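Student: Sequence below, structure please.
(2 chains)
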Amino acid sequence: VNRPELRTSPVSEPFWEATRRHQLVLQWCAACDRPIHYPREICPRCFGTELDWRPASGDAVVYAATAMDDHVVALVDLAEGARMMTNVIGCDPSEVVVGLRVRVTWEDLEDGRALPLFEPSR
Amino acid sequence: VGIADAASPTGELDGTTRGLEVRMIAEALGDAGLALSDVDGIFTVGGGWASSIELAEYLGIQPRWTDSTATGGSSFEVHVEHAAAAIALGLCEVAVTVYAATPRSSRRAGGEGYRSMQARRAQTSWTPMAEWELPYRLRMPMGGYALAASRHMAQYGTTSEQLARIAVATRAWAGKNERARYQEPITVDDVLASPVLASPLHKLDCCLVTDGAGAVVLTSAERARDLRQPPVYVLGAGTSHTHSMISQMPDLTVTAGAVSGPKAFAMAGVGPGDVDVAELYDSFTITVLLALEDLGFCAKGEGGPFVESTDLGPGGSFPLNTNGGGLSYTHPGMYGMFLLVEAARQLRGHAGDRQVPGADVGVAHGCGGVLSSTSTVVLGTEATL
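Tutor: Numbering: from 1, shown residues only, chains lettered A, B, ... in the order given. Purely as a prediction, here's the structure:
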C-alpha cells in the first residue's frame, strides 16, 4: 500500500514505540481515569497533566466508515473509550458497516514501527 | 449595503485572484454608492501570511479594523459577525470582506487546483492530521463528509435517495441562474447513478470545483439609509466549532450549527419558522441535511423525512440555496461568500427569475473544514426591524 511518510510527534513516541511489538497502547489521564486520543501534553477534558500509557485490548466497534477506490477508512471506538481513524481490512468493503466488531492488526513499516489497522473480529 | 459576485458556466474566470478581488470590491462599493476611500475595515482570507494586510497594501488602504480570520468555508459569515460588532462599537464604519479563488483555471494551467488547506499543511509538516489521519488515505475533504453521512444513515435511517433530493432541488434553482456551472435538471436517479466517490456519497452529492469571487460591504444602519440600495440588516450572528479533523468530531451527526444557529436566531429575535429563504452551505448534500437539523428547521435525525416531504425548489415552501449552491452554481473552495450575496440579493428583491416573493428574513449558514466550523448570519429587510 502506498502510504504517505509517517510524521510523528515526540509526545506520542510511546505509542509508536509500542507498535514495534505490535502492541496498541493509549495515553490515559490519571485524574479522569479515561484515555486520550490523539496523545497530548494535557488532558483535553480536565486540563490534567498527570498522564501515563496503558495497553489497550485492541477490540473496537466501527463508528463510521467510507469506502474509496481500493480501501475503507473508518472511525473505530476502542473498548477503552477512545476513537481513532484507521483502515478496515480483511473483508469486502461492503461488509464494513457501522456497528461491526473489529480487532487490531498491524502493517509493518520499513523503519520497524507498525501502523494499527483493524479487521473483523473472528 | 453593497454586494458583488462572479462565476461563469464554464467554471472559469479571467484574471488573477488579486485582480478579481479588486474587481469585486469595486463592484460592491459601486453597488452601495461608496468609494474605496470610505473603507476603514478590511476583511479577507486567503493563502497569505496575513491576508488582510497584504490586500490592504495592494489597495493602498490603512484600515482601522483588520481581519484575516480563517475558519474555512464559514470565514465570510464570521467576517460579517465581526464587522457588525466592530461597526456597532464604532471601531470602523465601512467594512469590506472579499474572496476570490481560481482552482479550476489554475489546474488547467498546470497548477495544483483545489486542495484542502488542512490536508496540504499535513503533507508538508507535522500536524495531528499528518500523524493520525493521513496514513489512512482519507480523501479530503470528501471522506470526512462521507463518514458523517455513513453515521447519520446508520443512526437515523437516512437514505441516499433523501440526500439526492437536496442535489435535485438545488439544480432546479441553478436552472434559474444564468451564471451557474450546471443548469440542466437532474433526477434522484441521476444522482444515484453517478459514481460513488466515497461511500455513501455519489459524485452528484458533492460540490463543484470552479473559479469564483465575491464581496460584501457593510456599514452602520444610520449610514446605510442614505446609500444606493435598500439596506439588508444583520439581525443576528453566531459562530462555533467542534473540532479541526473529523476523527476528533464529538458526534458525527451534530455540527457546531447546533450552537451557532440558535445563538444567531436568539440575537435576531426570530426563529427557524420565520425564515423566508435559507442559504445553507452545500459542500456536500449531507452538509445541508445536518444544517437543517442543527438550525432547527426539523428535529435531529429527521432531516431525511424533512427533505422528502418538503419542496425545496423554485416555487416550493422552503426555498433552499436559491442560486444553485455549491452543488450547481459555483464552489471555489470557501463558498460562504456566495451564501451572503444571494441572501442579500433575495432580501433586496433583486434576484430576478429566482426571486422568492416577499422574502423578509434570510439565513446564510457557512460551514468550514470537515464539518468543523459553522457561522450563522440572520439577515432581514427594513420590515423586520
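Student: my read: residue B:67 touches residue B:81, true?
Tutor: No - proximity of residue B:67 to residue B:81 does not meet the contact threshold set by Cβ atoms under 8 Å, at 10.3 Å. For the C-beta atoms, the positions are set from N, CA and C on the backbone; glycine is no exception.
Student: How far away from the center of its chain is the lowest-mean-pLDDT helix or strand in chain B?
Tutor: Least confident helix or strand, chain B: helix B:117-124 with a mean of 80, by mean pLDDT, DSSP states H and E. Taking Cα atoms, centre = their mean, to the nearest Å, one finds the center of helix B:117-124 at 22 Å from the center of the full chain.
Student: So which elements touch that helix?
Tutor: Judged by 3 or more Cβ pairs under 8 Å, 6 or more residues apart in numbering or on different chains; DSSP states H and E, helix B:117-124 is in contact with helix B:128-132.
Student: Can I get the helix it packs on in PDB? Just the C-alpha atoms.
Tutor: Output of helix B:128-132 as PDB, limited to C-alpha atoms (Å, rounded to 0.1, in the frame of the first residue of the first chain):
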ATOM      1  CA  PRO B 128      -2.100  16.000  14.200                       C
ATOM      2  CA  MET B 129      -3.600  15.100  10.800                       C
ATOM      3  CA  ALA B 130      -0.200  14.100   9.400                       C
ATOM      4  CA  GLU B 131       0.100  11.600  12.200                       C
ATOM      5  CA  TRP B 132      -3.400  10.300  12.900                       C
END
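Student: quick check: mean pLDDT across that helix?
Tutor: Mean pLDDT, computed over helix B:128-132, is 95.
Student: Stretch B:204-221 too?
Tutor: 97.
Student: and that stretch, does that touch chain A?
Tutor: No - shown here: stretch B:204-221 not in contact with chain A (Cβ under 8 Å from any Cβ of the partner chain), separated by at least 12.1 Å.
Student: With only the CA atoms kept, save that stretch in PDB.
Tutor: What follows is stretch B:204-221, C-alpha atoms only, in PDB (Å, rounded to 0.1, in the frame of the first residue of the first chain):
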ATOM      1  CA  LEU B 204     -23.600  14.500  -7.600                       C
ATOM      2  CA  ASP B 205     -23.700  14.700  -3.800                       C
ATOM      3  CA  CYS B 206     -20.500  16.700  -4.000                       C
ATOM      4  CA  CYS B 207     -19.900  20.400  -4.800                       C
ATOM      5  CA  LEU B 208     -18.200  21.700  -7.800                       C
ATOM      6  CA  VAL B 209     -14.600  23.000  -8.200                       C
ATOM      7  CA  THR B 210     -14.900  26.300 -10.000                       C
ATOM      8  CA  ASP B 211     -13.400  29.700 -10.100                       C
ATOM      9  CA  GLY B 212     -15.400  32.300  -8.200                       C
ATOM     10  CA  ALA B 213     -15.300  35.700  -6.400                       C
ATOM     11  CA  GLY B 214     -17.400  37.900  -4.400                       C
ATOM     12  CA  ALA B 215     -17.500  40.900  -2.000                       C
ATOM     13  CA  VAL B 216     -19.800  42.300   0.600                       C
ATOM     14  CA  VAL B 217     -19.800  45.800   2.000                       C
ATOM     15  CA  LEU B 218     -21.300  46.600   5.500                       C
ATOM     16  CA  THR B 219     -21.800  49.900   7.300                       C
ATOM     17  CA  SER B 220     -23.900  51.300  10.100                       C
ATOM     18  CA  ALA B 221     -27.700  51.300   9.800                       C
END
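Student: buried sites along that stretch?
Tutor: Using 16 or more other Cβ atoms under 10 Å in any protein chain shown as the test for burial, stretch B:204-221 gives B:204-220.
Student: Next, check those against the strands and list the overlap.
Tutor: B:212-219 (DSSP state E).
Student: and residue B:36, what are its phi and psi?
Tutor: Backbone geometry at residue B:36, expressed as degrees, to the nearest 10, gives phi -60, psi -30.
Student: Just give me the neighbour total for whichever residue of the stretch 1-150 of chain B sits closest to chain A.
Tutor: Across the stretch 1-150 of chain B, no residue is closer to chain A than residue B:146, which sits at 3.7 Å (Cβ to the nearest Cβ). Other residues lying near residue B:146 total 29 when counted by other Cβ atoms under 10 Å in any protein chain shown.
Student: Residue B:199 is in contact with that one, correct?
Tutor: Yes - the pair residue B:146 / residue B:199 is scored as a contact, 6.4 Å apart, by Cβ under 8 Å.
Student: and residue 10, what pLDDT?
Tutor: Looking at chain A here, since you left the chain open. 97.
Student: Chain B was what I was after
Tutor: 95.
Student: What's the separation between it and residue B:334?
Tutor: In this view, residue B:10 and residue B:334 are 20 Å apart by Cβ to Cβ, to the nearest Å.
Student: of the ones in strands among the buried residues of stretch B:204-221, closest to chain A?
Tutor: Checking these one by one against chain A (Cβ to the nearest Cβ), the nearest turns out to be residue B:212, at 26.6 Å.
Student: surely that closest one meets residue B:336?
Tutor: No - taking contacts as Cβ under 8 Å, residue B:212 lies outside contact range of residue B:336: 11.4 Å.
Student: ok, now how distant is residue B:210 from residue B:9?
Tutor: 10 Å.
Student: between the two, what contacts are shared?
Tutor: residue B:181 (Cβ atoms under 8 Å, 6 or more residues apart in numbering or on different chains).
Student: and residue A:48, that's in a helix?
Tutor: No - counting by DSSP: H, G, I helix; E, B strand; the rest coil, residue A:48 falls outside a helix, being coil.
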